[in-house]
Every structure is written in structure tokens, then in C-alpha cells.
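Q: 3D, please:
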Amino acid sequence: MKKIGVYVCQTSDDAQGPVDLKAVAEYAGRLPGVAMARVIAVDGGLVPEALAQEIRKQQLNTVVVAGYSPGFFKPAFTRALAEAGADPENVRLASFREHGVKCDQPVERAKAVVNCAVNDVPFSLAAEPAVVPVNKATLVIGAGIAGIQAAIEIADAGCQVYLVERESTIGGHMAMFDKTFPTLDCAACTLTPKMVAAGTHPNIKLMILSEVKAVTGRPGEFRVKVLQHATRVDPVACVACNDCSLICPTLASSEFDVGIAKRKAIYLAFPQAVPNSYVVDPKACLWVQSGGKKCGACVKKCAKEAIHLDAQDEIVELEVGNIIVATGYEPMDASRIDRYSYGKFPNVITALEFERLSNAAGPTGGKILLKEKKLNKRTKQEEWVFEPENAKPHSVAIIHCVGSRDKNYNEYCSRVCCMYSLKFAHLVKEKLHDVDVYEYYIDMRAFGKNYEDFFERIKEEGIFVSRGRTTEVVDRDGKMVVRGEDIVNDRMVEKQVDMVVLAVGLEPANGTAELAKMLGVSRNDDGWYAELDYNIEANSTERGGIFLAGVCQGPKDIPDTVAQASAVAARVLRSIATDSMLDSRSTLKLTDIEQKVRALAQSGN
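A: Residues are numbered from 1 along each chain as shown. Take a look at the predicted model:
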């Protein structure tokens, strides 16, 4: 006969969690077969000998370890069971974090997870919602490489896709890149054909400058309201001749060039943008801002009569069966870390700024140059700018892990920073042969296919690598000096450099929290969208019919992003082909799961 002890593990951080651990322990104590249940503090460490004494006293032969991350404490309980003379294999885990306690009813979910562990029933079997029919249309939120890949695969199968993007062009961050590691292939050469395919596909309705504003309904039958901002240019009539932009008198910061260059109020983000038609920035347009009293020169200049400055935003209502979230990421704001002097020294730049600087379609034509102070002829003010005739740097420092693996900012590793930093070092050496390049890294995380080979190749190109944390970037006699550790040689090092590139980490995209609430999808402790099960359901969410693709789920590189997007497309197509999908787990009550557990336990499953 089983005599089960349930230990609900509590750390000091758990006090801020959503689960009332005492209530869970009290519930567990009432379950059949449970001889003892209590909350146990684990901050000071667990003593197996003391646990073994309690196990002998209570005559326990099975232990359930419950908590947010119970796997950390399993070894202590395994040893305790062995010392008590019981089978050390009889330790079961009830992980609240793994099974989604950040749902609407966290305490009820935690109780259900413990119930399953007590009865030795997999939670995924007991918490299986009802099957519902599926609308064949799909909404994809975010049109970076993940959203594009998923949309094309679903559309190629003959199904309708609505591809929603809040920027003026699809392509996401990948469209800004020069090369991709470790092959150094042209990013645009890989991405642009997919962008064109998505933009011209008869089964894909492309919605740029658009935002999801409301999601109602149930899995398989969602009703979505999308705010579609007016482009104020007819995409069919526009031939992208650039006449309107040439005559426009207003300049604004270019989002596509991450602020290191200017664009006009009527603009095309970049020459290969999809759709390949101009849009108007209402915040910069003189006609819009003056209520039609000023300018309007672009309207008069356009021979195709494609510009309609009085066009209005509109709400579009969609009905879809599946929703794919592919909202990507934002680079961390480097100005949050004072010691790197971003914003103080003009030639301390971020990774994405360097991508645009080194890109052949960037503001300097791909030349790696220093930012210099120049007189703006329009404003008559001096400003720091990148221009093709500027001087070249003679020394460049690249600092890894800016804002990542840091308890003050983001504790997680952003995964891609090491490799793109090595790529930057190669590009600098390739374009400026006599330049000194210094890489400052904590650990080299070259985890992917051929990544370690790429690291070794970079070292052979004459890059100076220093392992240790970089402490600061300081001004010394008008020169930039990078101070950091060299833990291999047990010393501090200082290097005077002309340019510093900060390998900033990745953070959830702006608006992630709001969209998560709208969709009824939870997020993890770092703010990324939370998957249903990291090991076996990495694409699914708590809410049926809503899937995750790409970096919105957590940092990953381009190959992993594309693979996940294809996997999500397959999941969506399966639901469409069978006209069925599982409803949300949130529809299940504790009593439903208890009933299913009893049935499974009695059947021996």
C-alpha cells in the first residue's frame, strides 16, 4: 500500500509567486494515499538525514516533491528515501512552472498538478481539453522571418493567411542585417525572395502598419479586430519612383536605420521593402500636422495620383481559427548601462547600428566609418553623423553580453550575441585590413552547427580576444579607453580605441505584455511568451489555437527560428486538415482534472 508524503518546496522568491503554497499542501493532505503533506523551506538547503528520519517516522514509501522548480531538490529526497530503506526511485515531481501556474487560476492549477503526481498520472493526459472545430483562416502576428516562413507554408497549402505587421515593411530585424553567421551569406539574398513570395501570394493578405486591438471568441473560431493605420499612398498605383520623397521638405529619424540616418516624411523603408510602395509618416508630415494648411507638395508631384494625405485609419475585423504569434524582439536599450557610455561617446554604438553601418544599403554604403560632427545645412546646427567621407577607425572594441547574464538587467543568455560579435570582428577585418579588433567576452557560447569552427577562424584572422567582464568605457585625454578583465592572465587590461560596438542582448518586443493579456497567453519570468511545455509542446500555449514562432518565445538564432516557424505551420495545417483542435486548458476546472485522474488511475494508465 502506498503511503505518500507531499513536500511543497518554498524558496524566499516563492513568496512573490501566484500560488498559495499552504493551501496546496492542505489540499494534498486530503488526497487518498497521502499520509503527510507540508510546506518545506529549502533556502537553507535540505538535510537528507533529517528527511530520512521523518520518512521513517511517517512510514512513507513514496515522496512527491512539489514547487516551482522541484527538480532542483529531487537529489536530497532520493537520498533520504534510500537512507530510510525505501526505494529511491519513488520520488515524483509536481512542477508548477512547467505546467503553467501563471494561468487565470494558479492555485487550482497547482492543486491539479499535485493530484496528478500523487496518482502517478502525467498532467498532460489528465488536463486534455475538449475537441473543437476550426475555421480554416489563420492570423500571423508579426512579419519577420518567423511570421513570413509560417505564412508562406500555410498559404502554399491553399489556406487563407492574414499577415499583420506594425512596421511599414515586412522582414523584421533580419532585413536590417548585412551577413548571417556562420556562413556569412547575404541576409537580403536569403530573406528578400521570401518577402516577395509573401507579398505576392494570392492566399496571403498583407496588413502593414497594423496592430491587433482585440481578440474574442474561442479556439478554432477567433474574432480579431485589427487597427490598420493609413499608409496615405495607394500601393497599387505607386511605382516607387521616389519623386515624392525628393520634393518632401521634412526629415525624420529612420527606424529602419535605427536612428543613424534620416528619411523623409514620405518614404520607402529600404529599396527592397515589401510592399514596394511609399508610406507617409503622419507625425512628420506637414500637411497632416497642419490639418491640410501646409505643404502637400508630394501630392502635386505624384504623376500617378497615388498619394491621399487625408486617408484615415480603419478597424478591420477578421475571423480565424488559429493565431500564430511571431512578434520577435527588441534590442536592449544600451543607455540603461551607464558604464558603457552609450549616448555619451558618439562612437559607442549598438549591434544593430553596426549592422546598418556595415550594410551596403546603409547610410555609408557599407563603409565602416566613425561618426563625426558636421554642420546641418537645414538647421544650421552641428550634429554627429555617419557620412561616406568620414574617417575610418584604426581600432574597434566589441563588448559581449551587454545587458545579458546580468542580474541587474537580464539574467538569461541572449544566445546570438557571441556569434554576431564574431561576425562583426570578421567584417571589420574584411573591410579595414589594418585595424585592430578586440573582443571582450565572458564565455564563448558557440552552440550551433559550425559555430565553434567560426570562432576558431576568427582568432586566425588576428582578432584579439580577452576573456572576462568589461568594466567600463572611459574618457582619457579625449580618447576612449575600454577597461576590462583578462581572467586567463589574471589581470586588468586597458585599450584605447576609436569605436566600441556593444553586443546588446534581446528583450521581448514592445507591447508583448499587452498582447499576451489580449490573447490570454502567459509569459515567463523574463517576459517572453510562455510555451505549453518546453520539452514536448514548445510551439503551443495554454490557449488552444494560439502558437508561438521565433524569438517571441525566447532568444534564438535564424535557423532555429525558421525551423520553429515551419513546425508551427505544420501544427496549424494539421488542425485545418482534421477540422479539429483542443480547446484551452483554462476551460478545465479542478474537478474535471480530478475526475480524469481517477479514471486514468483506475485503468492503470
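Q: Can you list the residue ranges for strands in the stretch 51-200 of the chain?
A: Per DSSP state E, counting those that start in this stretch, the stretch 51-200 of the chain carries strands over the ranges 62-67, 91-95, 131-132, 138-141, 161-164, 179-180, 185-186.
Q: pretty sure Asp313 contacts Val226?
A: No. If you go by Cβ atoms under 8 Å, Asp313 and Val226 don't touch, sitting 10.7 Å apart. For the C-beta atoms, the positions are set from N, CA and C on the backbone; glycine is no exception.
Q: And those two? Which one has more around it.
A: Shown here are Asp313 and Val226; by other Cβ atoms under 10 Å, Val226 has more neighbours (20 against 11).
Q: Is Val64 bridged to anything, and to what?
A: On DSSP bridges, the residues paired with Val64 through beta bridges are Val6, Arg92.
Q: Low-confidence bits of the stretch 51-200 of the chain, can you list those?
A: For the stretch 51-200 of the chain, no stretch has pLDDT under 70.
Q: if you set the cut-off to 80 instead, what comes out?
A: 100-104 (pLDDT under 80).
Q: again, but for the chain
A: Low-confidence segments of the chain (pLDDT under 80): 1, 13-17, 100-104, 377-379, 604-605.
Q: Select the longest helix from it.
A: helix 558-578 (DSSP state H).
Q: List the buried residues in that helix.
A: 558, 560-562, 564-569, 571-573, 575-576 (16 or more other Cβ atoms under 10 Å).
Q: ok, now stretch 243-257?
A: Cys244, Ser245, Cys248, Thr250, Leu251, Ser254, Phe256, Asp257.
Q: Could you single out the nearest of these to Ala237?
A: Distance to Ala237, by Cβ to Cβ, is smallest for Cys244 among the buried residues of stretch 243-257, at 11.9 Å.
Q: Neighbours of the closest residue to that closest one other than its chain neighbours, how many?
A: Nearest residue to Cys244, sequence neighbours excluded (Cβ to Cβ, 6 or more residues apart in numbering): Cys298, at 3.8 Å. Using other Cβ under 10 Å, Cys298 has 26 neighbouring residues.
Q: mind checking how far the helix or strand that comes right after the longest helix of the chain is from the chain centre?
A: Using DSSP states H and E, the helix or strand that follows helix 558-578 in sequence is strand 581-582. Computed by Cα atoms, centre = their mean, to the nearest Å, the separation of strand 581-582 from the middle of its chain amounts to 26 Å.
Q: Walk me through which strands strand 581-582 pairs with, and which way each runs.
A: By DSSP bridges, strand 581-582 pairs with strand 131-132 (antiparallel).
Q: which residues touch the strand it pairs with?
A: For strand 131-132, contacts defined as Cβ atoms under 8 Å, 6 or more residues apart in numbering pick out Arg218, Pro219, Gly220, Glu221, Gly544, Ser580, Met581, Leu582, Asp583.
Q: what separates it from the chain centre, distance-wise?
A: The mean C-alpha position of strand 131-132 is separated from the chain mean by 30 Å, Cα atoms, centre = their mean.
Q: mind listing what Trp287 touches?
A: Counting by Cβ under 8 Å, 6+ apart, Trp287 has contacts Lys294, Cys295, Gly296, Val299, Leu309.
Q: Quick one, which of those are buried?
A: Cys295, Gly296, Val299, Leu309.
Q: would you turn the residues you listed into TSV with secondary structure and distance to Thr183?
A: As requested, the buried ones among the contacts of Trp287 are exported to TSV (DSSP: H, G, I helix; E, B strand; the rest coil; distance: Cβ to Cβ, whole Å):
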residue	secondary structure	distance to Thr183
Cys295	coil	47
Gly296	coil	48
Val299	helix	46
Leu309	coil	45
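Q: what's the closest of those to Glu108?
A: Leu309 (53.9 Å).
Q: Now the closest residue in space to the closest one that isn't next to it in sequence. Its backbone dihedrals?
A: Residue nearest to Leu309 in three dimensions, not counting chain neighbours: Trp287, with 4.8 Å by Cβ to Cβ, 6+ apart. As for Trp287, its main-chain torsions (degrees, to the nearest 10) stand at phi -60, psi -50.
Q: Can you give me the distance of Tyr7 to Ala37?
A: Separation of Tyr7 from Ala37 (Cβ to Cβ, to the nearest Å): 8 Å.
Q: Now a PyMOL select for only the buried ones of the contacts of strand 131-132.
A: Here is the PyMOL selection string for the buried members of the contacts of strand 131-132, based on 16+ other Cβ under 10 Å:
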select buried, resi 219+220+544+581+582+583
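Q: Redo the contacts of strand 131-132 as a markdown table? Include distance to Ala155.
A: Putting the contacts of strand 131-132 into a markdown table (distance: Cβ to Cβ, whole Å) gives the following:
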| residue | distance to Ala155 |
| --- | --- |
| Arg218 | 24 |
| Pro219 | 21 |
| Gly220 | 19 |
| Glu221 | 20 |
| Gly544 | 22 |
| Ser580 | 21 |
| Met581 | 19 |
| Leu582 | 24 |
| Asp583 | 26 |
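Q: If anything else comes up later, I'll come back, but that's it for now.
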